[in-house]
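Colleague: the sequence and its predicted three-dimensional model are supplied below.
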Amino acid sequence: MPERIELVKNLYSSHVGEQCEIASYLLHLSIPLFESNQVLLLDQLADHFQGWGTVDDFCINVLQPLLLKFPHETTQLIKQWNQSENPWKRRASMVVFVRKIGLTDHYTDLCLELAENLLFDTHDLVLKGVGWALKDTMRGNQEKVLAYVKNLRQRKISSIITLYAIRDIKGKERQDILAIK
């Protein structure tokens with residue numbers, strides 16, 4: 001594992017898209033070999049992220065399976081990244097909740113807690129990550145997340161977040177949400 005982690009670090013630090021994809025794939029293949037104390041090693045790897053594509057691929061193919069395998073350790077890492085100065089780590093702290101994780105409703109409260117910390121983030125792609133996480137988490141618990149999004153509209157939180165969050169909502173329900181002032 002140490003050699004794999006070093007190789008992955010070198011691939012991520014190249015900042016070449018294809019090499020970053022290979023790094024994430026190698027990590028994905030290594031998930032069965034991961035031990036709980038190795039989850040925090042991912043923090044060093046994330047220092048090399050340079051774009052949303054790398055972050056999103058990493059979150060879906062590496063961080064999500066590790067969240068399911070080591071919930072405590074991965075949650076600890078996600079909370080740390082949520083407060084990071086690095087915008088890619090902040091985005092990752094939200095994108096981990098998209099797709100399969102969002103559908104489960106197991107992490108809805110954590111997603112909402114971490115979203116709250118990033119509502120005024122200055123990085124556009126972090127805000128879009130928050131909106132995406134809310135949208136997909138809404139698929140697991142529509143009532144709770146929709147109430148939160150409506151509250152965000154009342155609080156006049158960035159429309160970047162709220163418009164991403166309600167992408168799946170159509171018709172009159174969408175119009176009613178957009179009418180909230």
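Modeller: Received it, and whenever you're ready, just let me know what you need. Numbering: from 1, shown residues only.

Colleague: remind me what the host helix or strand of Asn151 packs against, helices and strands.
Modeller: Of the helices and strands defined by DSSP states H and E, Asn151 is found in helix 142-154. The elements that helix 142-154 packs onto, with contact taken as 3 or more C-beta pairs under 8 Å, 6 or more residues apart in numbering; DSSP states H and E, are helix 108-117, helix 124-138, helix 159-165, helix 171-178. C-betas here are computed from N, CA, C, even on glycine.

Colleague: excluding chain neighbours, what is closest to Val62?
Modeller: Leu27 (4.5 Å; C-beta to C-beta, 6 or more residues apart in numbering).

Colleague: I meant to write Leu42 there.
Modeller: Distances taken as C-beta to C-beta, 6+ apart place Leu77 nearest to Leu42, at 6.3 Å, with adjacent residues excluded.

Colleague: doesn't Gln44 make contact with that neighbour?
Modeller: No. Counting by C-beta atoms under 8 Å, Leu77 stays clear of Gln44, with 11.2 Å between them.

Colleague: and the two? Which one has more around it.
Modeller: Under the criterion of other C-beta atoms under 10 Å, the comparison of Leu77 against Gln44 puts Leu77 first, with 24 against 12.
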